[in-house]
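**Q** here's a sequence, model it:
(one chain, ligands or ions: 1)
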Amino acid sequence: MSNGNGSGQTAPTPTIKPTDLRGILKYVPRFQGQIFVLAMDGAIVADENFGNLLVDIAVLRSLGIKVVLVHGIGQQIADLSASRKIAITNADGTGVTDAATLDLAIRASSRVSHLILEGLTQNTLKCAITNAVRALAVGIIKGVDQQFTGKVDRIDKDFISHLIEADILPIIQPIGYGPDGRSLRINSDLLAAEVAESLGASKIIYLTPQAGLEINGEIKRDIAVDTLRALLKEHPEQLNELSHSKAIHAVRAIETGVPRVHIVDGRTFDGLINEIFSGEGVGSLIYANDYQQIRKATKRDVRFLYNLTRNAVKREELLHRTQQAIEKNIDQFYVFEIDENIIACVTLYFYPDKPQFAEIGSLYVLPFYHNRGIGRKMVDYACMRAKEKGVATVVALSTQSYSFFTSVLGFEETDKSVLPEARLKAYDEGGRNPKVMLKSL
Ligand SMILES: CC(C)(COP(=O)(O)OP(=O)(O)OC[C@H]1O[C@@H](n2cnc3c(N)ncnc32)[C@H](O)[C@@H]1OP(=O)(O)O)[C@@H](O)C(=O)NCCC(=O)NCCS
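**A** Have a look, this model is predicted:
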């Protein structure tokens, strides 16, 4: 790449371009003031990208995002165990923790927290290690005393919130404190989910030494929580060990109200920033439900909707609507978003003179996203909303994609006479002659 200064020398590729900044800026109002829980595996703290991640955290803070950092110690315990030749009962805080393992866990945790403190200090961020995690011993499971393994009893939300309000980044160690004040080892994936729930965080981002959620050896880019829950129940063997733990806690976190969980490779330069601020992300996203990415359109979406559908209008796949017409009827539009980018739309129109009927129209999915079930999801969603409003039958009109409605979505072709009078008039005047299909709800 030329550096444009006429010297003929090649400049290093800039890591952030002005265009990236513009892209990032559009997320700022949305994310400002939200809490993101970053859950860092011990292996990531030990990775050479760790320093870059701390810079990325400083970037998030500078954009007004409130960050809480939960860290793991799995790798450090294993390393200590090897170097000191002390056998451990488990490295990740899920099985039995005997006294020797707890001792190593405390040492590993102090070391990891310190490295984080040091790194954040280098980025001029104030931070604090807390005793905000109250724990209870897991006790005896299937006849085996789990000894010093703990589960979260309570997160001291006020304590953490005070720190956040004072611009201090809380660092949460995978060690909790029992009713007698003694230390108990807690799994950090679980802890991140508990912290996120208690603080009402909008995201958990698990930073792991893996490219994302691995299912059957392949990285799944996005998955609805229902699908993941079913997979955990029916085919847990399809998830590798790391993915399994993240998946269990992601499902749990979402069930308790955290809308999104990301799993990102913490070893990748810019991975965290790209996951949050790029349209398609780089890791895996687990989201609350199938319809979570669908929302009602607002006036701010008008120009975007016009541009989105323009090509389909040119090909006569969709009815032409001016920007003014879209704005006037914006209440009818629903949009599908992938990380803030609208990639599909649909309209739902209730006939004033035939309240048992509603019309689905302007269905459009950007070609890049075809065949991922989004078109079906949009229509299913519109049907669900119609049903909620007491509609018994939905109608769809289409010139070129009628077979999508009939063969994929189970609509039946019918005659235009089902349309109420006013709509029939518009139909006849339109001259496009679309097929009319209906479906009982
Ligand atoms: C029609 C459209 C909305 C489908 O969206 P999509 O997100 O790709 O659809 P889904 O992923 O939910 O469904 C994919 C299935 O539908 C089938 N399909 C897609 N378009 C189809 C069509 N025109 N006719 C028949 N089947 C079609 C695919 O082959 C696929 O079948 P499979 O599941 O058996 O493999 C999309 O192609 C589009 O936006 N087209 C241009 C605009 C348009 O024609 N809109 C309809 C006007 S009302």
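**Q** so what's the closest residue to the ligand within the stretch 301-441 of the chain up against?
**A** At 2.4 Å from the ligand, G375 is the closest residue in the stretch 301-441 of the chain, using CB to the nearest ligand atom. Yep, even glycine has a C-beta here, placed from its N, CA and C like the rest. The neighbourhood of G375, defined by CB atoms under 8 Å, 6 or more residues apart in numbering, consists of A344, L363, V365, F404, V408.
**Q** same deal with P29?
**A** By CB under 8 Å, 6+ apart, P29 has no neighbours at all.
**Q** try it again with 10 Å
**A** P29 is in contact with G64, counting by CB atoms under 10 Å, 6 or more residues apart in numbering.
**Q** what helix or strand is it located in?
**A** Secondary structure from DSSP states H and E places P29 in helix 28-31.
**Q** parallel or antiparallel, list what pairs with the next helix or strand after that helix.
**A** Where DSSP H and E defines the elements, the next helix or strand beyond helix 28-31 is strand 35-40. Using DSSP bridges, the strands paired with strand 35-40 are strand 66-71 (parallel), strand 203-208 (parallel).
**Q** what is the mean pLDDT for strand 35-40?
**A** The average pLDDT within strand 35-40 is 98.
**Q** report the distance from it to the chain centre.
**A** 12 Å (CA atoms, centre = their mean, to the nearest Å).
**Q** in it, what's buried?
**A** Neighbour-count burial for strand 35-40, counted by 16 or more other CB atoms under 10 Å, picks out I35, F36, V37, L38, A39, M40.
**Q** would you map the strands across the stretch 51-200 of the chain?
**A** Taking DSSP state E, counting those that start in this stretch as the criterion, the stretch 51-200 of the chain carries its strands at 66-71, 127-129, 133-137, 140-141, 144-145, 150-155, 169-172, 175-177, 183-185.
**Q** and the first one with strand 133-137, angle?
**A** Compare the direction of strand 66-71 with that of strand 133-137 by axes from the mean of the first three to the mean of the last three CA atoms, to 10 degrees and you get 30 degrees.
**Q** and strand 66-71, C-alpha only, in PDB?
**A** Once non-C-alpha atoms are left out, strand 66-71 reads as follows in PDB (Å, rounded to 0.1, in the frame of the first residue of the first chain):
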ATOM      1  CA  LYS A  66     -18.600  -0.100  31.200                       C
ATOM      2  CA  VAL A  67     -16.300  -3.100  31.400                       C
ATOM      3  CA  VAL A  68     -16.100  -5.800  34.200                       C
ATOM      4  CA  LEU A  69     -13.300  -8.300  33.800                       C
ATOM      5  CA  VAL A  70     -13.600 -11.800  35.100                       C
ATOM      6  CA  HIS A  71     -10.500 -14.000  34.700                       C
END
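**Q** that older thread, secondary structure class for the residue of the stretch 301-441 of the chain closest to the ligand?
**A** Classification of G375 by DSSP: H, G, I helix; E, B strand; the rest coil places it in helix.
**Q** and it, how far is that from V365?
**A** The span separating G375 from V365 equals 5 Å under the rule CB to CB, to the nearest Å.
**Q** do I338 as well
**A** I338 sits at a distance of 11 Å from V365 (criterion: CB to CB).
**Q** quick one: which of these two has more around it?
**A** V365 (22 against 18; other CB atoms under 10 Å).
**Q** partner residues bridging that one?
**A** Bridge pairing for V365 (DSSP bridges) gives the partners A344.
**Q** wait, it sits on V335?
**A** No: in this structure V365 lies outside contact range of V335 using CB atoms under 10 Å: 11.1 Å.
**Q** okay, and the common contacts of the two?
**A** Common neighbours of V365 and V335 (CB under 10 Å, 6+ apart) are L308, I343, A344, C345, V346, M378.
**Q** so what's the third one up against?
**A** This means A344. Neighbours of A344 in contact, by CB under 10 Å, 6+ apart: 293-294, 308, 334-338, 363-366, 369-370, 372, 374-375, 377-378.
**Q** circling back: ok, and of the contacts of G375, which contact the ligand?
**A** For the ligand, the contacts drawn from those by CB under 6 Å from any ligand atom are L363, V365, F404, V408.
**Q** ranking the residues you listed by neighbours, who comes first?
**A** L363 (25 neighbours).
**Q** next one: phi and psi at it?
**A** Here is the backbone geometry of L363 (degrees, to the nearest 10): phi -80, psi 120.
**Q** contacting residues around it?
**A** 309, 312, 317-318, 344-347, 374-376, 378-379, 382, 396, 398, 401, 404-405, 409.
**Q** 7 Å instead, please
**A** By CB atoms under 7 Å, 6 or more residues apart in numbering, L363 lies in contact with V346, G375, M378, V379.
**Q** just these: which are in helices?
**A** Cross-referencing those against helices under DSSP state H gives G375, M378, V379.
**Q** report how many residues lie close to the closest residue to the last one other than its chain neighbours.
**A** In space, not counting the residues next to it along the chain, V379 is nearest to L409; the distance is 5.6 Å by CB to CB, 6 or more residues apart in numbering. The number of residues packed around L409, counting by other CB under 10 Å, is 19.
**Q** could you shift the numbering so residue one becomes 52, and keep it that way?
**A** Will do, 52 is the new start, and the previous item becomes L460.
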